[in-house]
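1. give me a 3D structure for the following:
(chains A and B)
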Amino acid sequence: GQQLNQSPQSMFIQEGEDVSMNCTSSSIFNTWLWYKQDPGEGPVLLIALYKAGELTSNGRLTAQFGITRKDSFLNISASIPSDVGIYFCAVHNNNDMRFGAGTRLTVKP
Amino acid sequence: DTGVSQNPRHKITKRGQNVTFRCDPISEHNRLYWYRQTLGQGPEFLTYFQNEAQLEKSRLLSDRFSAERPKGSFSTLEIQRTEQGDSAMYLCASSRDTGNTIYFGEGSWLTVV
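-> Okay, here's the model as predicted:
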């Protein structure tokens, strides 16, 4: 089963708004990853975080690896319609990689 | 395109038939992973290979599931005697080595009727 708690499960926002989602785990992990998945496609990597406390940006996306190594957040600024999709957090320790249940984002034009 | 490649993208099969999916990883990646994803859930880890060695297979869903990577390049995932509950998307991913970022293919959709 999932050890990651990802929230919120879904979000409905207006184009131009900022979005924040987060993920917490019951265990410490050395790598946190954020993926986006469009319907019928595989997950696409957005941001990878390797160091506790690390804050990384990729365009309008910003993600942080929590200092306790048990949580991470993803922010999307100035959302646009193509941001629609499901966002997954994932954690990685050596041979173990697990995913959250996803946050479904809907952006209204 | 040098990403992870999976085929077929879609497969409809009758219950009880065997199906096989193929994955071609990114060429310089040593590690290859198989995941299963059902609607509304995140990907669920099944198995992985380091080169041709299958290092973890305890999470394969049943003994009807098997995977191979005979030459350390492409891999196949076979499901024998398919059941309706096997309907899902099967994702392949690859990475350079442990601790490195994992890249996914586009997935193979299986529908068992």
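2. now the residue in chain A that chain B sits nearest to: how far from B:F45?
-> Nearest to chain B, among the residues of chain A, is A:F99, at 3.1 Å (Cβ to the nearest Cβ). No exception for glycine: its C-beta is placed from N, CA and C like everyone else's. A:F99 is 8 Å from B:F45, where distance means Cβ to Cβ, to the nearest Å.
3. compare those two and say which one has the larger neighbour count.
-> A:F99 (25 against 19; other Cβ atoms under 10 Å in any protein chain shown).
4. same question for the helix or strand containing A:T106, mean pLDDT?
-> Assigned by DSSP states H and E, A:T106 falls within strand A:103-108. When pLDDT is averaged over strand A:103-108, the result is 96.
5. could you list every helix and strand that that strand packs against?
-> strand A:10-14, strand A:85-93 (3 or more Cβ pairs under 8 Å, 6 or more residues apart in numbering or on different chains; DSSP states H and E).
6. and these, which is most packed in?
-> strand A:85-93 (a mean of 22; mean count of other Cβ atoms under 10 Å in any protein chain shown).
7. show me how far the following helix or strand past it is from its chain's centre.
-> Per DSSP H and E, the first helix or strand lying C-terminal to strand A:85-93 is strand A:96-99. Relative to its chain's centre, strand A:96-99 lies at 13 Å (Cα atoms, centre = their mean, to the nearest Å).
8. so what strands line up beside strand A:96-99?
-> Strand A:96-99 pairs in its sheet with strand A:85-93 (antiparallel), by DSSP bridges.
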